[in-house]
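A.B. asks: with the input below, show me the fold.
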Amino acid sequence: MNDENVPVINNEPGDIFAARLEGRYTDGDEWLKMNGSPDEWPVAYIGTKLTIDAADGIISQLAGEYSDDDDFVFCSPDPQTALKYSDVRNVNGDNKLVIFQARVNPEAITVVRLENNNHSVIWAVPKDDSIRPYGLCCYPIPQRA
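C.D. replies: Numbering: from 1, shown residues only. Okay, here's the model as predicted:
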């Protein structure tokens, strides 16, 4: 999907399917809190597809910062950005735009692109324990006029 085809939607998804992660990691649960704790990890959203064209565009912007054998997840703190890289999936009989919700270790984030007001921010995070997916956000597709 390109920017023109991504509907602007409410940031509240219609359905969220989440895993319970309390007690699953040996470093405790502070990273999962949402109370301003210094050990809290920020929420990030990951599109469910990344087309070759989109990947090429992101990689060309990096100007050689990452080599081909580096293993990164590209994500965003803004669900609208992740929706640009999402797939339409059938969820309980309805077509929805689907993105992953995760927490990312703030020490592992590299900002790839930073634009105004947190929109189109893209982070690169190593594919290791620095990113912990825990949910699927399913957004209704708005009817076009």
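
A.B. asks: quick one: the helices in this protein?
C.D. replies: 52-62, 79-83 (DSSP state H).

A.B. asks: rounded mean pLDDT for the last one, please.
C.D. replies: By that I understand helix 79-83. The pLDDT scores in helix 79-83 average 87.

A.B. asks: what residues of stretch 98-116 count as buried?
C.D. replies: 98-105, 108-109, 112-113 (16 or more other C-beta atoms under 10 Å). All C-beta spots, glycine's among them, are computed from the backbone N, C-alpha and C.

A.B. asks: by mean pLDDT, flag the weakest helix or strand of this protein.
C.D. replies: Taking mean pLDDT, DSSP states H and E as the measure, the chain has helix 52-62 as its least confident helix or strand, at a mean of 44.

A.B. asks: residue 33: what's it in contact with?
C.D. replies: 39-40 (C-beta atoms under 8 Å, 6 or more residues apart in numbering).

A.B. asks: per-residue pLDDT of it, please?
C.D. replies: Looking at residue 33, its pLDDT reads 83.

A.B. asks: from residue 77, how far out is it?
C.D. replies: 17 Å (C-beta to C-beta, to the nearest Å).

A.B. asks: again with residue 18
C.D. replies: 18 Å.

A.B. asks: in terms of neighbours, single out the busier of the two.
C.D. replies: Set residue 18 next to residue 77 and count neighbours by other C-beta atoms under 10 Å: residue 77 wins out with 17 against 11.

A.B. asks: I figured the more buried one hits residue 43, correct?
C.D. replies: Yes: using C-beta atoms under 8 Å, residue 77 is in contact with residue 43, at 6.6 Å.

A.B. asks: for the residue sitting nearest the centre point of the chain, which non-adjacent residue is closest in space?
C.D. replies: Compute the mean C-alpha point of the chain, and by C-alpha atoms, centre = their mean the closest residue is residue 45, 1.8 Å away. In space, and not counting its chain neighbours, residue 45 is closest to residue 82: 3.5 Å by C-beta to C-beta, 6 or more residues apart in numbering.

A.B. asks: do I have it right that that neighbour meets residue 99?
C.D. replies: Yes: the pair formed by residue 82 and residue 99 meets the contact definition of C-beta under 8 Å, at 4.4 Å.

A.B. asks: now for these two: what residues contact both?
C.D. replies: When C-beta under 8 Å, 6+ apart defines a contact, the residues bordering residue 82 and residue 99 alike are 45-47.
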